[in-house]
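Enquirer: attaching a predicted model along with its sequence, questions to come.
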Number of protein chains: 2
Amino acid sequence: MNELRVLPVVGVPEVRPGDRLAELLAVAAPDLRDGDVLVVTQKVVSKAEGRLVECRDGDEGARMALVESESVRVLRRSAGRTITETHHGFVCAGAGIDFSNVPCDQAALLPLDPDRSARRIRDGLLAITAKRVAVIISDTFGRPWRRGLADVALGCAGIGALLDLRGTTDEQGRVLHVTQVAVVDELASAAELVMGKAAGVAAAIVRGVDPDWLRESSVRAEIVRRPQEDLFR
Amino acid sequence: MNELRVLPVVGVPEVRPGDRLAELLAVAAPDLRDGDVLVVTQKVVSKAEGRLVECRDGDEGARMALVESESVRVLRRSAGRTITETHHGFVCAGAGIDFSNVPCDQAALLPLDPDRSARRIRDGLLAITAKRVAVIISDTFGRPWRRGLADVALGCAGIGALLDLRGTTDEQGRVLHVTQVAVVDELASAAELVMGKAAGVAAAIVRGVDPDWLRESSVRAEIVRRPQEDLFR
């Protein structure tokens, strides 16, 4: 195993609907290399894709209507927190709708198809820079049982979402039965550490990942757990 | 924000009950620096602390008895998976008991008090190397709603488990309401990326974390969510 480096991408300008994110990222990260993993926060993706809607600050009724329209089911409702399942299959608070770091009286909805968003950025970067990078779209989710938020992957392109170690053996030769590592989530978390929430760093590069991890994949196909195989829904 | 580096610590020998982990780690990581975060996997901590018990490979009844004795409640039971709450308050599969990378016919229980384990390693490293490092004890947990495993922190010393951004403002001046980032979990995940499951890398260094994050803290006090504030228990 080699060293990983996690580098913040500074200088992405304020993103507006219709902006070509790959171009902005290529300018802000001029030293991208083949095999880099570029983690891009959901917010700039949602802005570029025009996923901004009007929602007056403090209008709880409008906020709740938005959350319900972005969800397929409500899992829990309690004291201002609403945990829902989005149409993508993500379970998170408030359907992942974001009211910070967006223009006042607006809200940012999740991208319609974050795996497609990742592929589009990846393809755009290849066209502009001729570098083959992997892309992860990240967002900040809460977790049951543990306080605090952590970044996870909403979408990916060019990197396997799961690293499948089933069938490999441990040092004593015993088969590792259930070990599938959610590397895209761990990469999203690693990237968050150099982003900060208020600092406005919209992306980070993770350099040095095992080239064997780079393959076609998607968060929807590999990470999103089907309701019927889930014990907590 | 600066760059982070994540460096595997190779060459920790097979750990046996009674081994002084800080000494083994100081030898394997001779270039520790002030402000480094050393992430140590639970398994070597459990071994050093003698948390190994007899459990014949394949004896499902003995395995289940162990899981129950390490748990305070069972949350879900389904097709070979048992999700329990441990006496520490961690919710995970099989009480976190581990059967891989331990001697045959043995199982590794979680450390009794992983925050204390982290403090002991931190204090040992300070005594041996005169370097002030933070320590995180990590383990690999599954998650509801998302496939795949990701590393989280079981214990910590010298680093804040949560980074509290409540009260700070976003770029538009709106107050960030509920943003507490579980940086110890994100650091554990980042470290896992250079460890591998079968490779036997027992620790990793994360270098470059914001010095403001370094403070006394504990996973038990800051991360473990009380049952009464939890929506999924």
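Expert: Yes, it's here. Numbers count the residues shown, from 1 in each chain, chains lettered A, B, ... in the order given.

Enquirer: just checking, what packs against the longest helix seen in chain A?
Expert: The longest helix of chain A (DSSP state H) is helix A:114-129. On a contact count with 3 or more CB pairs under 8 Å, 6 or more residues apart in numbering or on different chains; DSSP states H and E, helix A:114-129 meets helix A:21-28, strand A:37-41, helix A:42-48, strand A:134-141, strand A:150-157, helix A:219-222. Backbone N, C-alpha and C define where each C-beta goes, glycine included.

Enquirer: neighbours of A:Val10, just the number please.
Expert: 15 (other CB atoms under 10 Å in any protein chain shown).

Enquirer: tell me the secondary structure for the closest residue to it other than its chain neighbours?
Expert: In space, and not counting its chain neighbours, A:Val10 is closest to A:Val201: 6.0 Å by CB to CB, 6 or more residues apart in numbering or on different chains. Taken by DSSP: H, G, I helix; E, B strand; the rest coil, the conformation at A:Val201 corresponds to coil.

Enquirer: before we move on, the earlier item: okay if I get the helices and strands packed on helix A:114-129 as a markdown table plus mean neighbour count, distance to chain B and mean pLDDT?
Expert: Below are those laid out as a markdown table (neighbours: other CB atoms under 10 Å in any protein chain shown; distance: least, CB to the nearest CB, whole Å; pLDDT from 0 to 100):
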| stretch | mean neighbour count | distance to chain B | mean pLDDT |
| --- | --- | --- | --- |
| helix A:21-28 | 19 | 14 | 97 |
| strand A:37-41 | 28 | 10 | 98 |
| helix A:42-48 | 24 | 10 | 96 |
| strand A:134-141 | 26 | 8 | 97 |
| strand A:150-157 | 29 | 5 | 98 |
| helix A:219-222 | 20 | 7 | 98 |
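
Enquirer: got the angle between the longest helix of chain A and strand A:150-157?
Expert: 70 degrees (axes from the mean of the first three to the mean of the last three CA atoms, to 10 degrees).

Enquirer: ok, now which ones touch the residue sitting nearest the centre point of chain A?
Expert: For chain A, the residue sitting closest to the mean C-alpha position, by CA atoms, centre = their mean, is A:Ser138 at 1.9 Å. A:Ser138 makes contact with A:39-42, A:151-154, A:188, A:191-192, according to CB atoms under 8 Å, 6 or more residues apart in numbering or on different chains.

Enquirer: and for it, nearest residue in space, chain neighbours not counted?
Expert: Nearest non-adjacent residue to A:Ser138, counting by CB to CB, 6+ apart: A:Ala188, 3.9 Å away.

Enquirer: just the pLDDT at that neighbour, thanks.
Expert: A:Ala188 is assigned a pLDDT of 98 by the prediction.

Enquirer: shouldn't it be in contact with A:Asp151?
Expert: Yes: the pair A:Ala188 / A:Asp151 is scored as a contact, 4.3 Å apart, by CB atoms under 8 Å.

Enquirer: per-domain residue ranges of chain A.
Expert: By the assignment in automatic domain parsing, chain A contains the domains A:5-50+A:111-224, A:52-110.

Enquirer: and among those domains, the most buried is which?
Expert: Comparing the domains of chain A by mean neighbour count (mean count of other CB atoms under 10 Å in any protein chain shown), domain A:5-50+A:111-224 ranks first with a mean of 21.

Enquirer: where does pLDDT dip in chain A?
Expert: Low-confidence regions of chain A, defined by pLDDT under 70, span residues A:1, A:171-172, A:175-178, A:197-199.

Enquirer: dump the residue contacts of A:Glu85.
Expert: A:Glu85 sits in contact with A:71-73, A:75, A:91, A:227, A:233, where contact means CB under 8 Å, 6+ apart.

Enquirer: beta partners of it?
Expert: Beta-bridge pairing of A:Glu85 under DSSP bridges involves A:Arg73, A:Val91.

Enquirer: hmm, back to that, next, format the helices and strands packed on helix A:114-129 as TSV and append distance to B:Ala127.
Expert: As requested, the helices and strands packed on helix A:114-129 are arranged in TSV below (distance: least, CB to CB, whole Å):
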stretch	distance to B:Ala127
helix A:21-28	44
strand A:37-41	38
helix A:42-48	45
strand A:134-141	38
strand A:150-157	33
helix A:219-222	45
